[in-house]
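>>> Return atomic coordinates for the entry below.
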Amino acid sequence: MRTSSGSTAPAPTAADGELASALRLSVMRLARRMRAERADTSLTLSQLAALATVERSGPLTPRELAAAERVQPPSMTRLVASLEAAGLVTRSAHPSDGRQVLLAVSRSGATLLREDRRRREAWLARELAGLEPEERAVLARAAALLDRLATS
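Here you go, the predicted model:
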């Protein structure tokens, strides 16, 4: 069996399947709980994710944003239009291709993202503070592994 990085991995065992199920449930529950801490629920999760991608990646064309978010360009066109109407992104001319535009996060978009992250991270920090030091150390190692799984 080949992994997404091209290396050969052993076939999954029954224990791997059980762990996959447990992780899937835990990650979904944590994601649901984190969503409950959103500061501004006027945006959909797709809009929030796209806005965060533009902030993280810098100015992007709508096509690049669609690829990064793994959605079709027509869907991204509608999503970008809603973000622009809300004043959360700005458009500017592409420096080398007059047919393209670049999207960037506006000041109000950056403020919204900052407040959203602050609120969710504050909740999570409070919850982590209630754990034993060993438990926090396990989660620190798990966070790196989960990130690796998510980007493979």
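>>> Point to the residue nearest the middle of the protein.
Central residue of the chain (C-alpha atoms, centre = their mean): Ala49, 5.4 Å from the mean position.
>>> For that one, which non-adjacent residue is closest in space?
Glu69 (6.3 Å; C-beta to C-beta, 6 or more residues apart in numbering). No exception for glycine: its C-beta is placed from N, CA and C like everyone else's.
>>> any idea how far Ala14 is from the one you found?
Going from Glu69 to Ala14 by C-beta to C-beta, to the nearest Å gives 35 Å.
>>> More neighbours: which of those two?
More crowded of Glu69 and Ala14, by other C-beta atoms under 10 Å: Glu69, with 17 against 7.
>>> pretty sure the more buried one contacts Arg63?
No. Contact criterion C-beta atoms under 8 Å: Glu69 and Arg63 do not qualify, at 11.0 Å.
>>> Can you pull the residues that touch both of the two?
Residues touching both Glu69 and Arg63 by C-beta atoms under 8 Å, 6 or more residues apart in numbering: Met76.
>>> Point out where this protein drops to low pLDDT.
Along the chain, the parts satisfying pLDDT under 70 run over 1-7.
>>> just the strands in the chain please.
89-93, 101-105 (DSSP state E).
>>> The first one pairs with which strands, parallel or anti?
Read that as strand 89-93. Strand 89-93 has the following strand partners under DSSP bridges: strand 101-105 (antiparallel).
>>> for stretch 71-83, which positions count as buried?
Neighbour counts over stretch 71-83 (16 or more other C-beta atoms under 10 Å) mark 71, 76, 79-80, 83 as buried.
>>> what distance separates it from the centre of its chain?
17 Å (C-alpha atoms, centre = their mean, to the nearest Å).
>>> all helices of this protein, in order?
All helices of the chain, identified by DSSP state H, fall at 14-35, 45-57, 62-69, 73-85, 107-129, 133-150.
>>> looking at those helices, which is closest to Arg99?
helix 62-69 (11.0 Å; C-beta to C-beta).
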